[in-house]
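Visitor: attaching a predicted model along with its sequence, questions to come.
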Amino acid sequence: MPSRDLPPPPPPAHLREWLDETVVRADRARFLSDLSRRGLGPGRLLLLWAVTAVFALGWSFVGMAVMAFESEDPLESLFGTLFGVIGLGVLVPAGFWFACGARRDREVRRLFHAWFEAGRDPVADARLRVPGRSLMWLVGSLLPAAFGLWTAFASAARAEPGSETYGEVASFIGLGMILWIAGLLGLAKAGAHYRWAVRAFRTTPSGAAGAAALVAPVAPAAPGGGPVERPV
C-alpha cells in the first residue's frame, strides 16, 4: 500500500490552537487506531511470513542449484544453472519487497508516535495498548524462530562426510536461518511495542478525570483575575 494512503502528520502545535478541539481529538483517535492496526495488525504478521516463505522458496532453488553443480553430470549442471537463475529471480524481488515493507513500517511508526505526542486522551489511548496483538506477534514469531534455529543447528550437527552433500547442509542451514531471522524481527516488533506501552502509560492519568485534565486547554485569565470558562 503506497505511503499516500497513510494518515497525514499532525498539524503543528501553533496551528492546533486555532482548530476545533473536538475534531482534532476525533482525528487523533481515528488515525492512531488506523496506524496501530497497520503496524501490529494480523495482516502485517501474515505479510511478514509471506515474505519469509518467498525467501525460503528462493533459497530452496539455490540449494538445488548447489546440489546439481556438485554432480559431474553435464545435464545436472544445466539444471543447476536453471535452478540458480530461478532462485535469484525469486530472492531479488523478495529483497525489494522486504525493503519496501521495512520503509513503510518506519513511516507508520513515525506517524504513530507523532500523533500520540500531539495530545493525550487516556480513555481513548488505553485501546492503543492492544496486548492481544502484541501477544499474537510474540507467539507467532517465537515458535518459528525456535524451529528455524533448531533446524539450522541440527542439520549442521548431524551432517556426516559422505552421507550428505554440502548443498543439502547449506540448504537446510539457510532455511533455518531465514525462519530464525524472520522470527527475530517479529519478536523485536512485539518487544518494541511492549516497551513503548510501558513508557507511554506509566505516568498517564487514568479515568475520565485524567482525560479531561489532559485534553482540556488552559483557560486564560480574565481581566478581573478569574479564569475565563471555555467549552471543551
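Guide: Ah, there it is. Everything quoted here is computed from the prediction, not taken from an experiment.
Visitor: residues contacting the closest residue to Ala13 other than its chain neighbours?
Guide: Sequence neighbours aside, Ala118 is the residue nearest to Ala13 in space, at 8.0 Å (criterion: CB to CB, 6 or more residues apart in numbering). Backbone N, C-alpha and C define where each C-beta goes, glycine included. By CB atoms under 8 Å, 6 or more residues apart in numbering, the residues touching Ala118 are Pro10, Ala13, Arg16, Val24, Arg28.
Visitor: against Ala56, how distant is Ala118?
Guide: Plainly put, Ala118 is 41 Å away from Ala56 if you go by CB to CB, to the nearest Å.
Visitor: and Leu187, by the same measure?
Guide: Computed as CB to CB, the Leu187 to Ala56 distance reads 18 Å.
Visitor: contacting residues around Pro42?
Guide: If you count contacts by CB under 8 Å, 6+ apart, Pro42 has them with Arg133, Met136.
Visitor: ugh, typo on my part, it should be Leu184
Guide: By CB under 8 Å, 6+ apart, the contact list for Leu184 reads Ser141, Ala145.
Visitor: could you shift the numbering so residue one becomes 15, and keep it that way?
Guide: From this message on, residue numbering opens at 15, which makes the last subject Leu198.
Visitor: what helix or strand is it located in?
Guide: Under the criterion of DSSP states H and E, Leu198 resides in helix 180-214.
Visitor: what does Gly94 give?
Guide: Gly94 belongs to helix 88-131 when elements are defined using DSSP H and E.
Visitor: which elements pack onto that helix?
Guide: If contacts are counted by 3 or more CB pairs under 8 Å, 6 or more residues apart in numbering; DSSP states H and E, helix 88-131 sits against helix 35-54, helix 56-84.
Visitor: so who does the spatially closest residue to Leu71 that is not a sequence neighbour touch?
Guide: Take Leu71 and drop its neighbours on the chain: the residue closest to it by CB to CB, 6+ apart is Val104, 5.6 Å away. Shown in contact with Val104 (CB under 8 Å, 6+ apart): Val68, Leu71, Gly72, Phe75.
Visitor: now, which of these sits nearest Ser185?
Guide: Ser185 has its nearest neighbour among these in Phe75, at 9.7 Å by CB to CB.
Visitor: right, and that closest one touches Gly94 too?
Guide: No - look at Phe75 against Gly94 with CB atoms under 8 Å: they stay out of range, at 10.1 Å.
Visitor: low pLDDT regions in the chain?
Guide: The chain contains residues with pLDDT under 70 at 15-18, 175-179, 217-246.
Visitor: rerun that using 90 as the cut-off
Guide: For the chain, the stretches flagged by pLDDT under 90 are 15-42, 77, 80-94, 131-145, 166-186, 211-246.
Visitor: before we move on, the earlier item: the residue nearest to Leu71 and Ile192: what is the separation?
Guide: From Val104 to Ile192 the distance is 12 Å (CB to CB).
Visitor: could you dump the contacts of Ala132 to a markdown table with distance to Leu49?
Guide: Formatted as a markdown table, those follow (distance: CB to CB, whole Å):
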| residue | distance to Leu49 |
| --- | --- |
| Pro24 | 11 |
| Ala27 | 20 |
| Arg30 | 18 |
| Val38 | 16 |
| Arg42 | 11 |
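Visitor: neighbour-wise, which of the residues you listed leads?
Guide: With neighbours set by other CB atoms under 10 Å, the maximum within these is found at Arg42, which has 22 neighbours.
Visitor: report the contact partners of that one.
Guide: Pro24, Trp129, Ala132, Gly133, Asp135, Ala138.
Visitor: quick check: end-to-end length of stretch 174-182?
Guide: End-to-end distance for stretch 174-182: 11 Å, by CA to CA, to the nearest Å.
Visitor: fine by me, we can end here.
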